[in-house]
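[1] fold the stuff below for me.
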Amino acid sequence: MSQKADRAKHVVKTPPKNPSREVGAMDSTLIIRLVIAVVVFAVALIVKMPAFFRIVLCILAALAAGYDVILDAINSVEEGNYFATSLIVVFVAAIGFVIGFGAESAAMVILYQICALAIAYADKRTRASALSLVRDQDEELVSRVRELMQNKDATKMALEKTLGDSAGLILRIAMIIAVLYAILVPLFTAFPFRVSIHRALMIILVSTPASIIAAMPLTALVALCSSARKGVAFQNAAAMEKAGPVNAIVFDKAGVFSEDCPEVLAVQSDVLDRDTFMNFAAHAVYNSEQPLAQAISAVYDQEYKLDVISDFKELPGSGVELKIGGTPVLLATDEYLISRGASLPQTSGAEGQVFHMIIAGRYIGKIIISANVNGDTGALLSEVKDLSIKRCVLLTEDGDAARAEELGFSEVASANDTAAKLDYVRELSAPKSSQVMYVYSNGIETHSDAAVDVRVSKKAKSKYADAIALPEAVAGIPDAIALSRRMREVAVTNALFAFGIKAILIFLSIIGYCTLWFAVFVDMAAAIATVLNAFRVTKPSKFLAPDPDDEDEEEL
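    Below you'll find the model as predicted:
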């Protein structure tokens, strides 16, 4: 478990604004209590008895069903959370008994608990189905998903906080309106206070934000698992949420479209033997961050004499210039050397990238490294553009701009070292309207100024990146962006549905065509519907093309 998740264990939190019990809390004791409550309540309704005994049985039924709700309400008061759903349910039930609606109040508490059980079951099933989406993925990735499931903060969307705050404000306003309704209606109409208070209680009960945000963590979890199934694992829901509005993507060529660590294909020199040539080349690139340096260091197994290296100068994308033992050494590409007026021998077309070595002004030879393109990135650019992301930029460390056109890029920035790449991303991200995603492989030990950093790596975690894309799953990045948009789409749809149900119930309460038990039942049923609807994140929409692998999901 991550350090953040571990620290979360020791933090005292306010009760969640969610009517459901903790997932997996469908214990046998609660079920037995509910059975007893239903039996006692049925006896109170069916058997003829004095009103006093009927009320006593209704109170016993409510206590049997809502014992833990009362305890949770007490905890909410102690912690200062006066708008917790459990506290509102207890308050409404208590006032209902006082004003003579005992049977309704008991039925409300029983239905509340039954629906909470249904939500907990739907929640548990949805989590199991979400986890099954990554059952065929790498074990490290599956472990990462399990961590997300155990860390509640990891599945919190920014939208959840926004809607939760809005719903909380609506609840406060509804309470004020309900109090005014309860007091003023009897003063201007023939309705008794008993009726106006009853309707006011329903307004308060329906205005709780529970069903609006009940499914958001699950919606986020399904989206996170679906993205991980595509090989792109986000660190949390908030990070994934930022991928939706992306309107520009910057790709590093190295490690994304080409090999992260290329190979030395050949060494050709008429002056030095291979070992001596490689000795000079290894010392020349010792301080370099270019792929050339990685290729040479990967095959050089001798000791370095760092005291002979001086006046090192990086030529981003073109090679290096320095002194070795006081002698000028230049290891650079054709283009750079020709621009410097150097005379190079004619070479036949080489399969790879060629770097020439010049020592003390004399041509020594050349080294050829591989420049293979990642075959898994085939239709990546076209799929990105299908998402209406028009600006796709390729950053290269070499000077090979022609390859950018071959890959489908309309923009390319060549000859960049790490600092230049970060500067470019910072510049592109500067306008407020710009939402940039930066996709890179290695060499960056910080978060860039981009809205979303995606690192291409075989590891399922990264200290600085918002998401990890497996090297063989780079083509899944467009799907991850589409899933982010779909996640928000489903979350907003669920919220609007819940708001709509609440509006109808409040209207029915005001005109007298609603009861406490009906209000809580319909509102909680709406919460169950939104929980079940969370899996629609995996279904095709205008943002997400159908996936042939999704046939298995129909069985979940």
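
[2] hey, C-alpha coordinates of stretch 503-519 in PDB?
    Taking Å, rounded to 0.1, in the frame of the first residue of the first chain, the C-alpha atoms of stretch 503-519 are listed here in PDB:
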ATOM      1  CA  ALA A 503     -37.000  17.600  -7.700                       C
ATOM      2  CA  ILE A 504     -40.000  15.400  -8.500                       C
ATOM      3  CA  LEU A 505     -40.100  14.100  -4.900                       C
ATOM      4  CA  ILE A 506     -39.900  17.600  -3.400                       C
ATOM      5  CA  PHE A 507     -42.800  18.700  -5.700                       C
ATOM      6  CA  LEU A 508     -44.900  15.700  -4.700                       C
ATOM      7  CA  SER A 509     -44.100  16.400  -1.000                       C
ATOM      8  CA  ILE A 510     -45.200  20.000  -1.300                       C
ATOM      9  CA  ILE A 511     -48.500  19.100  -2.900                       C
ATOM     10  CA  GLY A 512     -49.100  16.200  -0.500                       C
ATOM     11  CA  TYR A 513     -48.700  13.200  -2.700                       C
ATOM     12  CA  CYS A 514     -45.700  11.700  -1.000                       C
ATOM     13  CA  THR A 515     -44.900   9.900   2.300                       C
ATOM     14  CA  LEU A 516     -41.700   9.600   4.300                       C
ATOM     15  CA  TRP A 517     -41.200   5.900   3.400                       C
ATOM     16  CA  PHE A 518     -41.900   6.600  -0.300                       C
ATOM     17  CA  ALA A 519     -39.500   9.500  -0.400                       C
END
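
[3] buried ones in it, by neighbour count?
    Buried residues in stretch 503-519, counted by 16 or more other CB atoms under 10 Å: Leu505, Ile506, Leu508, Ser509, Ile510, Cys514, Thr515, Leu516, Trp517, Phe518, Ala519. C-beta: built from backbone N, CA, C; applies to glycine.

[4] so how far is it off the chain centroid?
    37 Å (CA atoms, centre = their mean, to the nearest Å).

[5] for stretch 27-44, give the mean pLDDT please.
    Computed over stretch 27-44, the mean pLDDT rounds to 90.

[6] please apply the same query to stretch 397-406.
    The model assigns stretch 397-406 a mean pLDDT of 63.

[7] before we move on, the earlier item: now intersect the buried residues of stretch 503-519 with the helices, please.
    Leu505, Ile506, Leu508, Ser509, Ile510, Leu516, Trp517, Phe518, Ala519 (DSSP state H).

[8] how about those, which pair is most distant?
    Ile510 and Trp517 (17.6 Å; CB to CB).

[9] for Ala243, give me the pLDDT.
    On pLDDT, Ala243 comes in at 94.

[10] and it, what is it in contact with?
    Phe234, Met437, Ala451, Val452, Asp466, Ala467, Ala480, Ile481, Ser484 (CB atoms under 8 Å, 6 or more residues apart in numbering).

[11] can you redo these as a markdown table with neighbour count?
    Below are the contacts of Ala243 laid out as a markdown table (neighbours: other CB atoms under 10 Å):
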| residue | neighbour count |
| --- | --- |
| Phe234 | 28 |
| Met437 | 28 |
| Ala451 | 20 |
| Val452 | 27 |
| Asp466 | 22 |
| Ala467 | 27 |
| Ala480 | 27 |
| Ile481 | 27 |
| Ser484 | 28 |
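
[12] now for these: which two are most distant?
    Across the contacts of Ala243 (CB to CB), the longest gap, 13.7 Å, separates Ala451 and Ala480.

[13] if we can go back for a sec, can you redo the contacts of Ala243 as CSV with secondary structure, pLDDT and distance to Leu322?
    Shown next, in CSV, are the contacts of Ala243 (DSSP: H, G, I helix; E, B strand; the rest coil; pLDDT from 0 to 100; distance: CB to CB, whole Å):
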residue, secondary structure, pLDDT, distance to Leu322
Phe234, strand, 93, 41
Met437, strand, 95, 36
Ala451, coil, 94, 38
Val452, strand, 95, 37
Asp466, coil, 92, 37
Ala467, strand, 93, 37
Ala480, helix, 94, 42
Ile481, helix, 95, 42
Ser484, helix, 94, 45
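
[14] and those as TSV, adding distance to Leu201?
    Below are those laid out as TSV (distance: CB to CB, whole Å):
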residue	distance to Leu201
Phe234	42
Met437	49
Ala451	45
Val452	46
Asp466	45
Ala467	47
Ala480	46
Ile481	46
Ser484	40
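
[15] out of the buried residues of stretch 503-519, who's nearest Phe535?
    Nearest to Phe535 among the buried residues of stretch 503-519, counting by CB to CB, is Leu505 at 25.7 Å.

[16] how about the residue nearest to Phe193 when sequence neighbours are not counted, what does it touch?
    Excluding the flanking residues, the one nearest Phe193 by CB to CB, 6 or more residues apart in numbering is Pro186, at 4.9 Å. Counting by CB under 8 Å, 6+ apart, Pro186 makes contact with Pro192, Phe193, Val195, Ser196.

[17] buried ones from the residues you listed, can you make that a PyMOL selection?
    To isolate the buried ones among the contacts of Pro186 in PyMOL, judged by 16+ other CB under 10 Å, type:
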select buried, resi 195+196
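
[18] please name the bridge partners of Gly365.
    Ser269, Met357 (DSSP bridges).

[19] revised request: answer the last question for Glu314.
    Val320.

[20] can I assume it is in contact with Ser288?
    Yes: using CB atoms under 8 Å as the test, Glu314 is close enough to Ser288 to be in contact (5.9 Å).

[21] which one's more surrounded, these two?
    Just comparing Glu314 and Ser288: by other CB atoms under 10 Å the higher neighbour count belongs to Ser288, 23 against 20.

[22] my guess is the more buried one meets Leu322, correct?
    No: in this structure, Ser288 is not within contact of Leu322 by CB under 8 Å, at 9.4 Å.

[23] which neighbours do the two share?
    By CB under 8 Å, 6+ apart, no residue touches both Ser288 and Leu322.

[24] would you map out the domains in the chain?
    3-237+480-555, 246-258+374-450, 264-369 (automatic domain parsing).

[25] quick one: mean pLDDT over stretch 500-519.
    On average, stretch 500-519 scores 90.

[26] mind listing residues that contact it?
    92-93, 96, 101, 104-105, 107-108, 111, 174, 181, 195, 198-199, 201-203, 205-207, 211-212, 522-523, 526.

[27] quick one: end-to-end distance for it.
    Criterion CA to CA, to the nearest Å; first-to-last residue distance in stretch 500-519 is 13 Å.

[28] could you check how far that stretch is from the centre of its chain?
    For stretch 500-519 - counting by CA atoms, centre = their mean - the centre lies 36 Å from the chain centre.

[29] now swap in stretch 341-361 and tell me
    On CA atoms, centre = their mean, the centre of stretch 341-361 falls 48 Å from that of its chain.

[30] then stretch 426-444?
    Here stretch 426-444 is found 18 Å from its chain centre; the criterion is CA atoms, centre = their mean.

[31] would you mark the buried spots in it?
    Under the neighbour-count criterion of 16+ other CB under 10 Å, stretch 426-444 has 428-429, 434-444 buried.

[32] sorry, back to before: tell me, what's touching Glu314 and Ser288 both at once?
    Counting by CB under 8 Å, 6+ apart, the contacts common to Glu314 and Ser288 are Val320.

[33] what's the local residue count around Ala190?
    Ala190 has 7 neighbours, counted by other CB under 10 Å.
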